[in-house]
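> curious how this folds, go ahead:
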Amino acid sequence: MAKDLRGADHKSHLSRVNRIEGQVRGVKNMIEEEKYCVDILTQIKAIRSALKGLELQILEGHANHCLMNAVSSGSKKEAKEKINEVMELIKKSSKS
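You can find the predicted model right below:
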């Protein structure tokens, strides 16, 4: 799994995670400082959106790397497994 994230996108993924981490710390501080609930909820919505963006970016990389390799390998079994794996992720993602 870790090999899927290596390469040019690796830095982009880490940058997004660091930004999200900062947003979460910001929400923690807002709660500690008893900030207005609507402002806290707005920041939580931004975090959820950022996580969704990261999820899609990683899924796209997976499709372009692992799925593409499975399809081009000529192994129908491997291709079917990877397609099913991606479909399960999409199904789970659509429920959240």
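> distance check, residue 33 against residue 88.
Counting by C-beta to C-beta, to the nearest Å, the gap between residue 33 and residue 88 amounts to 41 Å. Bear in mind the C-beta positions are built from the backbone N, C-alpha and C, glycine included.
> how close does residue 63 sit to residue 54?
On the measure of C-beta to C-beta, residue 63 and residue 54 end up 15 Å apart.
> before we move on, what about residue 45?
Between residue 45 and residue 54 the computed distance is 15 Å (C-beta to C-beta).
> so what's the residue most central in space within the chain closest to, chain neighbours aside?
Taking C-alpha atoms, centre = their mean, the centroid of the chain lies closest to residue 55, which sits 1.7 Å from it. Closest residue in space to residue 55, ignoring its immediate chain neighbours: residue 93 at 6.6 Å, by C-beta to C-beta, 6 or more residues apart in numbering.
> please apply the same query to residue 78.
Among residues not flanking residue 78 along the chain, residue 70 sits closest, at 4.6 Å (C-beta to C-beta, 6+ apart).
> what's the burial count for that neighbour?
20 (other C-beta atoms under 10 Å).
> for the one 4 residues further on, same thing?
The number of residues packed near residue 74 is 8, by other C-beta under 10 Å.
> what does residue 18 give?
The burial count for residue 18: 10, using other C-beta under 10 Å.
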